[in-house]
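*Asks:* Here is a sequence together with a model predicted from it:
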Amino acid sequence: MSNVGGPDACDIAVVGAGAAGLAAAIAAGDQTNTGHALGITLLESARTIGAKILVSGGGRCNVTHETVTPQDYFGNRRIIKNVLAALPVKDTVAWFESMGVSLKREETGKLFPVTNKSRTVLNALTDRCRKLGVVIRPDHRVADIEHSQDTGFVIRHRHGTVHAKKLILATGGRSLPKSGSDGFGYELARRLGHEVTPTVPALVPLMLDDRMFHKTLSGLSQEVELTTVVAGRTVDQRTGSLLWTHFGISGPVVMDASRFWTLTREQGSMAQVSASFLPGQTQEQVRQWFTAQATDHPRRSLARLLTHLIPERFAEALCRQVACDPQQAIAQVRRADRERLISSLTKFALPIERDRGWNYAEVTAGGVPLEEINYQTMESKLFPGLYLVGEILDCDGRIGGFNFQWAWTTGFLAGGAAAGFRPRGEHHVA
Ligand SMILES: Cc1cc2nc3c(=O)[nH]c(=O)nc-3n(C[C@H](O)[C@H](O)[C@H](O)COP(=O)(O)OP(=O)(O)OC[C@H]3O[C@@H](n4cnc5c(N)ncnc54)[C@H](O)[C@@H]3O)c2cc1C
């Protein structure tokens with residue numbers, strides 16, 4: 001493939017210069033080293049590139065995770081497995097190393113740049129693009145895409161038109177719309193013939209009924225087991241850290257579970273989310289413990305007793321919530337009160353009112369179905385020459401670097417394929 005030349009024509013246009021778009025442009029540009037001279041243009045709606053990368057991971061960018069499996073994602077896991085096989089973690093680490101970014105592993109298994117700065121990641125990606133001759137055009141929001149046999153893709157943006165032989169759609173989802181990912185990419189995909197499954201905020205904090213005690217606990221985090229039940233069926237159960245906030249609940253376990261609540265609401269029903277503040281313990285075990293404590297320390301206050309199990313501030317708030325006096329001596333606690341307390345310790349129904357919305361969501365659940373994509377190349381099965389990558393696809397990962405890994409891998413596959421690269425051997429693993 002040769003550069004078709006001219007400022008408004010290119011071989012490969014990438015729409016969206018987020019993680020997936022940058023990875024795709026680099027993967028395509030890297031093919032130049034094998035003798036091709038490609039014209040690659042990145043069209044980005046925001047005035048500055050990479051806002052989301054910069055804020056990611058609390059400003060440190062959790063690039064990936066030491067172990068990445070299909071179970072870390074939601075979507076068609078058979079296809080996800082095949083996609084992930086194309087860029088294993090060790091290759092991702094080597095790819096970043098080749099761009100001058102060394103990664104370090106933290107205790108949780110998350111990988112961050114050793115500099116602890118997401119700017120290091122963004123600069124490496126944009127520098128690599130520049131070295132490869134990729135033309136980056138910020139402030140070029142794409143409003144429409146057409147295709148004809150003669151001219152290829154005709155991409156209309158804020159300042160005019162670009163013609164491209166191949167098109168990589170990397171417009172992200174709807175999370176953090178002020179970064180430029182406002183969901184318009186779904187409309188572009190639809191116009192090109194793709195389905196888009198309903199999109200909802202995922203990895204999003206949840207807001208509780210104002211009458212709950214969460215405000216008094218703001219800033220406190222504790223280990224919980226969250227169970228999400230829809231129409232009598234448990235759809236998710238996970239243990240991790242919950243953070244109480246002035247609006248409700250956040251923290252990794254809540255963020256990971258949130259997609260089940262938002263998806264169920266989108267489908268017109270409600271999910272019940274309950275918390276056990278004593279993960280791994282049954283009601284019967286807690287009951288026996290209470291009985292033993294009442295025998296051994298009958299005059300100890302309820303609040304003091306509970307601090308053996310849960311944080312003090314939370315113990316007081318929980319007692320009040322279930323109308324028990326935290327200062328009452330254990331031996332005097334009535335059976336009905338004790339049962340209410342045990343039940344709230346092990347199965348507390350969280351009164352979720354709504355999610356915190358797109359401005360606080362880290363990712364989007366839903367999008368273009370993976371079944372419409374060739375997983376070996378990320379090329380559209382409906383539209384030859386069109387590739388879809390990153391968050392626009394119906395795949396969302398849990399917290400821990402998995403969403404960026406999806407962006408790097410899909411970008412890597414599409415960029416290479418659009419530039420004419422055929423992977424050595426199959427990476428079919430199903
Ligand atoms: C606060 C926050 C923290 C996060 N932290 C992490 C983390 O540490 N680790 C992790 O793995 N994931 C993290 N994520 C998720 C991760 O950032 C995303 O999964 C990832 O950025 C998706 O990459 P993408 O390229 O598909 O989409 P995006 O990064 O959203 O990029 C899409 C780009 O397309 C542009 N665009 C959209 N429409 C148009 C248009 N019409 N014309 C031109 N350009 C357009 C947008 O401006 C944007 O730059 C975080 C997300 C948020 C919001």
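*Replies:* The structure has been received and is ready for your questions.
*Asks:* Please make it C-alpha for all contacts and neighbour counts, starting now.
*Replies:* Noted.
*Asks:* In the stretch 201-350 of the chain, which residue sits nearest the ligand?
*Replies:* Leu203 (8.6 Å; C-alpha to the nearest ligand atom).
*Asks:* Who are the contact partners of that residue?
*Replies:* Listed by C-alpha atoms under 8 Å, 6 or more residues apart in numbering, the contact partners of Leu203 are 254-259, 361-363, 398-399.
*Asks:* Kindly reformat those as TSV containing pLDDT and secondary structure.
*Replies:* Listed next are these as TSV, based on pLDDT from 0 to 100; DSSP: H, G, I helix; E, B strand; the rest coil:
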residue	pLDDT	secondary structure
Val254	98	helix
Met255	98	helix
Asp256	98	helix
Ala257	98	helix
Ser258	98	helix
Arg259	98	helix
Ala361	98	coil
Glu362	98	coil
Val363	98	strand
Arg398	98	coil
Ile399	97	coil
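*Asks:* pretty sure Ala86 contacts Leu413?
*Replies:* Yes - using C-alpha atoms under 8 Å, Ala86 is in contact with Leu413, at 7.3 Å.
*Asks:* shared neighbours of those two, anything?
*Replies:* Taking C-alpha under 8 Å, 6+ apart as the contact rule, the neighbours common to Ala86 and Leu413 are Gln376.
*Asks:* Have a look at these two and say which one is more surrounded.
*Replies:* Leu413 (28 against 21; other C-alpha atoms under 10 Å).
*Asks:* before we move on, which element is that one in?
*Replies:* helix 402-418 (DSSP states H and E).
*Asks:* name the element Lys166 belongs to?
*Replies:* Lys166 is part of strand 160-169 when elements are defined by DSSP H and E.
*Asks:* and that strand, anywhere near the ligand?
*Replies:* No - Strand 160-169 lies out of reach of the ligand by C-alpha under 6 Å from any ligand atom, never closer than 8.4 Å.
*Asks:* Dump the next helix-or-strand element following that strand to PDB, keeping only the CA atoms.
*Replies:* Downstream of strand 160-169, the first helix or strand assigned by DSSP H and E is helix 184-191. Only the C-alpha atoms of helix 184-191 are listed here, as PDB (Å, rounded to 0.1, in the frame of the first residue of the first chain):
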ATOM      1  CA  PHE A 184     -21.300   9.700  19.000                       C
ATOM      2  CA  GLY A 185     -19.000   6.900  17.700                       C
ATOM      3  CA  TYR A 186     -21.900   4.400  18.200                       C
ATOM      4  CA  GLU A 187     -24.000   6.500  15.800                       C
ATOM      5  CA  LEU A 188     -21.100   6.400  13.300                       C
ATOM      6  CA  ALA A 189     -21.000   2.600  13.700                       C
ATOM      7  CA  ARG A 190     -24.800   2.400  13.300                       C
ATOM      8  CA  ARG A 191     -24.700   4.400  10.100                       C
END
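*Asks:* In terms of secondary structure, what does helix 184-191 contact?
*Replies:* Other helices and strands packing on helix 184-191, by 3 or more C-alpha pairs under 8 Å, 6 or more residues apart in numbering; DSSP states H and E, are strand 142-148.
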